[in-house]
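# What follows is a predicted protein model with its sequence.
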Amino acid sequence: MSEALKILRRRRTKLVATLGPASSNAEMLAQLFQAGADVFRLNFSHGSHEDHGRNIDLIRALEEKTKRPIGILADVQGPKLRVGRFMGGAVVLNQGQEFRLDLNPTPGDVRRVSLPHPEIIAAAQIGSHLLLDDGKLKLRVTHVREDHLETVVINGGRLSDRKGVNVPDVVLPIPALTTKDRADLDFALERGVEYIGLSFVQRPEDVLEAKEIIKGRAWVLSKLEKPQALDNLDEILALSDAVMVARGDLGVELPPEEVPLAQKRIIKAARNLGKPVIVATQMLESMISAPTPTRAEASDVATAVFDGADAVMLSAETAAGQYPIEAVTIMDRIVARVEKDEDWRKQTDERRPAPEPNMSGAIAAASRQVAQTINASAIVALTNSAATALRVARERPSSPILALSPNIESTRRLAVTWGVHASTAPVTHSMSETVQVATKIARTEGISEAGQEIVIVAGMPFGKSGSTNALRVAKVTRTQIEEPEFLDDTPAS
């Protein structure tokens, strides 16, 4: 891959690709990035710190080679609730039979098994449901004792060693971060990842706990996979930097007909706040072993794009599948095709939230309106902390967004944000200097051509994080910068 190669996506919705045995080498990483991956996910449920550290090194080397910022998502495992083991490795539970879950570590049988999680026993109530093995089996609690639960089997089937347990009816008094998670978090932050994927979020306090540890060194990306999180959605979103619709566990604990509605609700709420939102799990799952997706999967990806997601994610398709490059390529094609559709643009405009009632929100909204009126080739957002670019992305403009920041961390974090092409740029000290830098980079990045106009938004004073309070229109030329004479260097009011 040449250093001079321009990576300009033909779509606004971003792609997240999970790394694993099928994709953890330099050549494959380069091909995945060129095919369309904007962010790489490291799944800390699998692999060692050595494995993840090697992948981070490969990503940073690719970033240096392509001169494009790449985001890295460290997805920590969270608590894993599982039953114990059985004497024969598995049993078959029949509908209507009684079954006990207790704290006794002795291997179980058809009458009982260990549940080494006293928190579940303490939180359960008569009538609570337990889902086993990704929801394949369902139990209802009939009696709650100090050291065990008596249940009746609602949906029976085969249950084997160490299968997972989900408790959809109650908030479990279990912290979102385990001892393992904290060690993984320390490692990921030390290596400078952009996002921490926080699993098992139930309450705002779970997000606060993570933020106190992270201290701004990465964005907190809350994975919404518990029904209890939906009960606290507004508070969790307010505290999070980004969110993920984690449809795997969410689909286990919610009825299937509720999952699409939950997805739409989460995306809408995140968009209103201008927080990036990723839709994940089973998007092109058949491509783990097949070179093409099903029609239903293609429609699923398209629905997420129509809903307004910032990004869509591939999991096992790129981590362990036989066709990782094909999966990214086809997802890229689906997204790009949807975004060319007239109904997509119409729905995107109709769902645009009202501008934030402050100067920064007004300037961001004005940048979209001005860009649309003059058919600007780009909206250039100068930003230190990424906030200005996020405000503009919230508007879902028809013009591309070029985010310029002196901080490489900010440009990497924006890799997950809708419509943003980010690049590093020097700190400027006046609007004239800002215009010069913005027009030059817009041209050299291949976003704008000579003769086209761009809309520039920034915060003043320059070089400091703060409000978005200035807007300028400029023309891109080959030799000089042309600006409308009536615009000056004073902030917009």
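Cool, got the structure.

# Point me to the residue sitting closest to the centre of this structure.
Ile278 (3.6 Å; Cα atoms, centre = their mean).

# So that one versus Thr179, what's the distance?
27 Å (Cβ to Cβ, to the nearest Å). For glycine as for every other residue, the C-beta is placed from the backbone atoms N, C-alpha and C.

# coming back round to it: ok but the residue nearest to the centre of the chain is inside a strand, no?
Yes - counting by DSSP: H, G, I helix; E, B strand; the rest coil, Ile278 falls inside a strand.

# Which parts of this structure belong to which domain?
Domain ranges of the chain: 14-78+176-341, 90-166, 359-475, per automatic domain parsing.

# Dump those to CSV, plus distance to Arg352 and mean pLDDT.
Conversion of the domains of the chain to CSV gives the following (distance: least, Cβ to Cβ, whole Å; pLDDT from 0 to 100):
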stretch, distance to Arg352, mean pLDDT
domain 14-78+176-341, 9, 97
domain 90-166, 36, 97
domain 359-475, 6, 94
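
# between those, which gets nearest to Arg351?
domain 14-78+176-341 (6.0 Å; Cβ to Cβ).

# For Thr439, give me its contacts.
Ser448, Ile454, Ala474, Lys475, Val476, Thr477, Ile481 (Cβ atoms under 8 Å, 6 or more residues apart in numbering).

# isn't there a helix covering it?
Yes - checked against three-state DSSP, Thr439 lies within a helix.

# picking that back up, so which of the domains of the chain comes closest to Gly84?
For the domains of the chain, the distance to Gly84 is smallest for domain 90-166, at 3.0 Å, taking Cβ to Cβ.

# What separates the first and last residues of that closest one, distance-wise?
In domain 90-166, first residue to last residue: 19 Å (Cα to Cα, to the nearest Å).

# now it, how far from the chain's geometric center?
Centroid separation between domain 90-166 and its chain, computed with Cα atoms, centre = their mean, to the nearest Å, is 33 Å.

# so Thr294 touches Met283, yeah?
No - in this structure, Thr294 is not within contact of Met283 by Cβ atoms under 8 Å, at 11.0 Å.

# okay, these two: which has more neighbours?
Met283 (22 against 13; other Cβ atoms under 10 Å).

# before we move on, back to that, can you lay out the domains of the chain as TSV showing distance to Arg351?
Shown next, in TSV, are the domains of the chain (distance: least, Cβ to Cβ, whole Å):
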stretch	distance to Arg351
domain 14-78+176-341	6
domain 90-166	32
domain 359-475	8
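
# I'd like to know which of the ones you listed is closest to Ile7.
Of all the domains of the chain, domain 14-78+176-341 comes closest under Cβ to Cβ, at 4.8 Å.

# returning to that earlier point: narrow the contacts of Thr439 to just the buried residues.
Buried members of the contacts of Thr439, counted by 16 or more other Cβ atoms under 10 Å: Ser448, Ile454, Ala474, Lys475, Val476.

# tally of neighbours for the residue nearest to Phe44 when sequence neighbours are not counted?
Excluding its sequence neighbours, the residue lying closest to Phe44 (Cβ to Cβ, 6 or more residues apart in numbering) is Asp184, at 4.5 Å. Residues lying near Asp184 (other Cβ under 10 Å) number 22.

# Identify the residues contacting Asp184.
Asp184 touches Phe44, His49, Ala74, Val76, Gln77, counting by Cβ under 8 Å, 6+ apart.

# and the fourth one, what is it in contact with?
This points to Val76. With contact set as Cβ under 8 Å, 6+ apart, Val76 has these partners: Phe44, Leu177, Asp181, Asp184, Leu185, Ala188, Ile196, Gly197, Leu198, Ser199.

# Buried residues in stretch 428-446, which are they?
Thr428, Met431, Thr434, Val435, Gln436, Val437, Ala438, Thr439, Ile441, Ala442, Arg443, Glu445.

# picking that back up, do you know how far the residue nearest to the centre of the chain is from Arg247?
According to Cβ to Cβ, Ile278 and Arg247 sit 11 Å apart.

# hang on, Arg54 packs against Ser24?
Yes - with contact defined as Cβ under 8 Å, Arg54 reaches Ser24; the gap is 7.2 Å.

# The two - which one has more neighbours?
Ser24 (18 against 14).

# For the more buried one, which three-state class applies?
coil.

# And it, how far from Asn469?
On the measure of Cβ to Cβ, Ser24 and Asn469 end up 45 Å apart.

# hey, which helix is longest across the chain?
helix 49-66 (DSSP state H).

# Packing partners of that one?
helix 26-35, strand 39-43, strand 71-75, helix 179-190 (3 or more Cβ pairs under 8 Å, 6 or more residues apart in numbering; DSSP states H and E).

# Wait, Met283 touches Met331, no?
Yes - using Cβ under 8 Å, Met283 is in contact with Met331, at 7.1 Å.

# Next, show the common contact partners of these two.
By Cβ under 8 Å, 6+ apart, Met283 and Met331 have these common neighbours: Val301, Val312, Leu314.
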